[in-house]
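Student: give the three-dimensional model of this entry:
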Amino acid sequence: MKPFSIGIICLLLIVSSCGEDDDSSTTSTESTEASKKNNESFDARAKREITASLSIPANEKYSIRIYKEYINADTIEDAIITLNRMEYAINQSIKNKNEAKAAEVGYTGNYNYIFYYDGAIDRISNPIFAPSSPGRELDVEFRSIVAPTRKDIIIGYRIRNSGWKSYFSVFNDHDLMMVFQWKYFDHAGEDNPEAFVHSYEENPQQVPMDIAIYESEIDSHIKNIGDIYKYIPSITKKKTLKYKFFLDPVAKKYRLYPEFAKNLPRRV
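Tutor: Residues are numbered from 1 along each chain as shown. Okay, here's the model as predicted:
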């Protein structure tokens, strides 16, 4: 992928993940009370609240997945909810008369979403847009990286023939924030594919772990990989440490160690 295009998409993800509707707390509280009165299941409630927040019509085909986990440091179960609107992406391209171009770029746009359910306050967050190719739903993984007492969320997504990971962590007990993102493969099905293994390593100076990116390779790579969105590459880690990042506790973002700056690709 072209670095400029990737940069724009990543910027969109960072900006969209920070947005918040001031009316969400009131709306969620009212919805929670209605849910309790109707003895509604959590899955049904999540579907109702999410489709309402995005004004999804009743006849649209979409996919919702719920991943339950103890995310923050309390003992109340939380959840990450993902939503995929592939049909909507296709219909939007037809409406805008750019079907061919949209298909060429994998319908990349705001058609994959993340929602955070905080069990302690019984609230589903506003949607966090994950600009990506909706041909593949978001992958979700939980791992303790920032602190051993809670779980961070690793969201895997695709942008055409590249794979990316975005890392989210909870701060101040309830605030879900994106702290890092980096690709783990690129140029799949092309002559010179790239692959990177993300490794989590202890930092002797602070509790949050470092994120190390190792230069790697796709095993038995071939150009005819079929459906790129069903493709899951097998990646072998090499010894070369390409980048290493530490958590800046003030900014709540991972920063590159200065000695690895020389490895960053040059901007054209």
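
Student: ok, residue 264 - contacts?
Tutor: 243, 256 (CB atoms under 8 Å, 6 or more residues apart in numbering). From N, CA and C alone the C-beta is placed, and that goes for glycine too.

Student: report the separation between it and residue 163.
Tutor: To residue 163, residue 264 is 19 Å away according to CB to CB, to the nearest Å.

Student: how about residue 132?
Tutor: 10 Å.

Student: could you pull up phi and psi at residue 181?
Tutor: When read as degrees, to the nearest 10, the backbone of residue 181 gives phi -150, psi 150.

Student: bridging residues for the nearest residue to it once chain neighbours are set aside?
Tutor: By the measure of CB to CB, 6 or more residues apart in numbering, the closest residue to residue 181 outside its immediate chain neighbours is residue 166, 4.2 Å from it. When bridges are called by DSSP bridges, residue 166 pairs up with residue 155, residue 181.

Student: show me the strands in the chain, by range?
Tutor: 63-69, 78-84, 112-118, 123-124, 128-129, 139-143, 152-159, 162-171, 175-186, 194-201, 210-218, 235-248, 253-256 (DSSP state E).

Student: quick one on the thing from earlier: anything in contact with each of residue 132 and residue 163?
Tutor: residue 157.

Student: neighbour count for the two, which is higher?
Tutor: Each of residue 132 and residue 163 has its neighbours counted (other CB atoms under 10 Å); residue 132 has more, 29 against 24.

Student: distance of the more buried one from residue 156?
Tutor: Distance from residue 132 to residue 156, by CB to CB: 9 Å.

Student: does residue 77 touch residue 122 like I think?
Tutor: No. Using CB atoms under 8 Å, residue 77 is not in contact with residue 122; the gap is 11.0 Å.

Student: so which of those two has more stuff around it?
Tutor: residue 122 (16 against 13).

Student: okay, now the unreliable bits of the stretch 1-150 of the chain?
Tutor: Residue ranges of the stretch 1-150 of the chain with pLDDT under 70: 1-37.

Student: recalculate using a threshold of 80.
Tutor: In the predicted model of the stretch 1-150 of the chain, residues 1-38 satisfy pLDDT under 80.

Student: with residue 103 as the reference, measure out to the spatially most central residue of the chain.
Tutor: Nearest to the mean C-alpha position of the chain, counting by CA atoms, centre = their mean, stands residue 155 at 3.4 Å. As judged by CB to CB, residue 155 and residue 103 stand 24 Å apart.

Student: please apply the same query to residue 85.
Tutor: Residue 85 is 16 Å from residue 103, by CB to CB.

Student: these two: which has the busier surroundings?
Tutor: With neighbours defined as other CB under 10 Å, residue 85 and residue 103 compare such that residue 85 has more, 22 against 13.

Student: identify the residues contacting that one.
Tutor: So residue 85 contacts 56, 60, 62, 111, 112, 113, 134 (CB under 8 Å, 6+ apart).

Student: same check on residue 113?
Tutor: Contacts of residue 113 (CB under 8 Å, 6+ apart): 50, 54, 82, 83, 84, 85, 127, 128, 129, 130.

Student: wait, residue 153 touches residue 145, no?
Tutor: No. Under the criterion of CB under 8 Å, residue 153 is not in contact with residue 145, lying 9.9 Å apart.
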